[in-house]
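Asker: Compute the structure for the input listed below.
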Amino acid sequence: MLATAVVLALILCSGVPATAWAQGVTVTTFAGTAGFPGSADGIGAAAGFRMPGGVACDAAGNIYVADTENNAVRKITPAGVVSTFAGTAADLSLPGGVACDKDGNVYVADTWNQVIRKITPGGLVKILAGAIGEQDHIDGSGAEARFSNPGGVACDKDGNVYVADTDNNSVRKITSAGVVSTLAGADAGFDSPAGLACDTVGNVYVVDTFNSLIRKIKPTGEVSTLAGPAVGLSYPAGVVVDSAGNVYVADTDNYVIRMITASGDVSTLAGVVGEAGVADGTGAAARFDSPRGVACDGSGNVYVADTSNSTIRRASVDALPPVTTATPPLASSATTGWRNTAQTVTLTATDAGSGVAATSYSIDGGPTLTYTVPFTVSAPGSHAVTYFSTDNGGNVEAPQTGYVNIDAASPATEAQPAGVRTGRTVTLKFRIADAGVSCGAATVKLQIRKGSRVVKTISVGSKATNAALTYRYRTTLKKGAYTWRVLATDAAGNTALEMHAAKLTVKQALGASR
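Answerer: Residues are numbered from 1 along each chain as shown. Next comes the predicted model:
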């Protein structure tokens, strides 16, 4: 008898959506503690597993684990709460694989019992096909069928169950009515197939473990090789496929998780080939020890049965770039948000996925600099500040541009002499100019004094000061001698005061202005 317990499987849950893969994934330990195998239920690290094999997800995001050497099937909620779904009462013997159908039923490759089990959502366990302890290769209905150390199971959308019949070197099919047939057998040249997965169009993907291949079986029964020797797989055990046709593989003896795109491109998502260990981290920083099962949930997370570490790991897909903000906020254009002093800019980046790797910026199209500490913009004028961040998954934020607009020059004002006027209504002339570039508007007031007493302050609103312009303002004054001057503030807050007041004499109380 082949020790098939070490050839454990992944099982695909029906209806898994396409994963929005980014440049990398961040691996964390979802349940269990590496180096401390056990059987305890609990939350996260408080739970224990013993050489877990296949994993599967249901539509609600629950994870099911073939906890092989505990002879149990465990359930993990999305919050990380671990419970025993089927244990001692089910009398399992080194279960190797699990699968979920769209109705919430869980199927188990009960490897050393030589049967395929079905567990209803209510926890009722029954034998779907095979007979306990009866090892052979026989097609038939239910208990008539025989298997030899079945290592994995998978479900398609029509309710059929597929079995990696490991020591029979074949792939079997069980209809919803329980009829067992051989989908691909000796002619396919399998050597100890373990994990299975189904796609949305009826293809079955097979981990041909001892051949170190990933095989594909069409609904017609035609067998082809999806990933062969050129990929360098080493005794893989688990596989899952998303609805976009991407295939993910637990490359067991290489200690990594692989991705094969629909076009056949192969990449390593997490781990380093040939380096066993236990480490959380992003991409190549993560380490596994003989991972044997993989599954996807509806949010694009990938769950890994990290077998020799007796843990369940989660690879969170980092599909979103970082977000960077500037403090204080930068102006939205080159003509707004003027200030009259230098501005120190602080850039803050956040990333909910793999974490921020670096923040970069440039000023006025100059060289791209790495942001480490706040920087100051002090030169007068309008300055474009462009900034962005990159995360550890390789996602790059779209560059943002804001402006630091500095005008330190005060506007110049001139109250033109009014001389002697006859009549109460007089016209005052004044000029304003601003050598700076903020001068789209200025707040202007006229101050009129009689001796040392301010008799009238007149706000004349905002006046354009882009160039030296002359303005006229009509007002009414009583007979007497006056001085007056112009007060102006530009858009940056620079204030000017006409120091040399113009003189004005009103000779009579009544009369028209001229």
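
Asker: low-scoring stretches of the chain, by residue?
Answerer: When residues are selected by pLDDT under 70, those of the chain lie in 1-24, 243-244, 319, 435-441, 462-471, 508-514.

Asker: Now do the phi/psi pair for Ala279.
Answerer: According to degrees, to the nearest 10, the main-chain angles of Ala279 amount to phi -160, psi 130.

Asker: mind checking the backbone torsions on the closest residue in space to it that isn't next to it in sequence?
Answerer: With sequence-adjacent residues excluded and distances taken as CB to CB, 6 or more residues apart in numbering, Ala279 is closest to Arg287, at 4.0 Å. Every residue, glycine included, has its C-beta placed from N, CA and C. Here is the backbone geometry of Arg287 (degrees, to the nearest 10): phi -140, psi 140.

Asker: my guess is Arg287 contacts Val272, does it?
Answerer: Yes. Using CB atoms under 8 Å, Arg287 makes contact with Val272 at a distance of 7.2 Å.

Asker: Determine the residues that are contacts of both of these two.
Answerer: With contacts defined as CB atoms under 8 Å, 6 or more residues apart in numbering, the residues adjacent to both Arg287 and Val272 are Tyr255.

Asker: So which of those two has more stuff around it?
Answerer: For Arg287 versus Val272, the count of surrounding residues by other CB atoms under 10 Å is larger for Arg287: 22 against 18.

Asker: OK, contacts around the more buried one?
Answerer: With contacts defined as CB under 8 Å, 6+ apart, the neighbours of Arg287 are 255, 271-272, 275-279, 281.

Asker: Please flag which of these sit within strands.
Answerer: Assigned to strands by DSSP state E, the following of the contacts of Arg287 qualify: Gly281.

Asker: Compare the contacts of Arg287 and tell me which is most surrounded.
Answerer: Note: the member of these with the most neighbours is Gly271, at 29 neighbours, neighbours being other CB under 10 Å.

Asker: For Gly365, see how far away that one is.
Answerer: Between Gly271 and Gly365 the distance, using CB to CB, to the nearest Å, works out to 41 Å.

Asker: again, but for Thr324
Answerer: Applying CB to CB, the value for Thr324 to Gly365 is 18 Å.

Asker: Those two: which has the busier surroundings?
Answerer: The neighbour comparison of Thr324 against Gly365 (other CB under 10 Å) goes to Thr324, with 21 against 8.

Asker: Identify the bridge partners of the more buried one.
Answerer: Ala349 (DSSP bridges).

Asker: so who does it touch?
Answerer: Each residue near Thr324 by CB under 8 Å, 6+ apart is listed here: 347-349, 359, 387-389, 397, 400.

Asker: Can you give me every residue that contacts the spatially closest residue to Val454 that is not a sequence neighbour?
Answerer: Leaving out its chain neighbours, the residue that sits closest to Val454 by CB to CB, 6+ apart is Gln447, at 6.2 Å. Contacts here follow CB under 8 Å, 6+ apart; on that basis Gln447 touches 454, 456-458, 484-487.

Asker: Closest one of those residues to Asn203?
Answerer: Ranking these by separation from Asn203, with CB to CB as the measure, puts Leu487 on top at 81.2 Å.

Asker: how about the closest one, phi and psi?
Answerer: Torsion angles at Leu487 (phi, psi; degrees, to the nearest 10) stand at phi -110, psi 130.

Asker: Quick one: residues contacting the closest residue to Ala79 other than its chain neighbours.
Answerer: Once its chain neighbours are removed from consideration, Ala79 has its nearest residue in Ile43; the separation is 7.6 Å (CB to CB, 6+ apart). Going by CB under 8 Å, 6+ apart, Ile43 touches 79-82.

Asker: hmm, back to that, ranking by neighbours, what's the top pick from the contacts of Gln447?
Answerer: Neighbour tally across the contacts of Gln447 (other CB under 10 Å): the maximum, 27 neighbours, falls on Val486.

Asker: Tell me the bridge partners for it.
Answerer: With DSSP bridges as the criterion, the beta-bridge partners of Val486 are Leu446.

Asker: What residues are bridge-paired with Val239?
Answerer: Applying DSSP bridges to Val239 gives these bridge partners: Val249.

Asker: contacting residues for Pro37?
Answerer: With contacts defined as CB under 8 Å, 6+ apart, Pro37 is in contact with 48-51, 69, 310.

Asker: need these in CSV with neighbour count, can you?
Answerer: Conversion of the contacts of Pro37 to CSV gives the following (neighbours: other CB atoms under 10 Å):
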residue, neighbour count
Gly48, 21
Phe49, 31
Arg50, 16
Met51, 21
Glu69, 17
Ser310, 23
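
Asker: Fine by me, we can end here.
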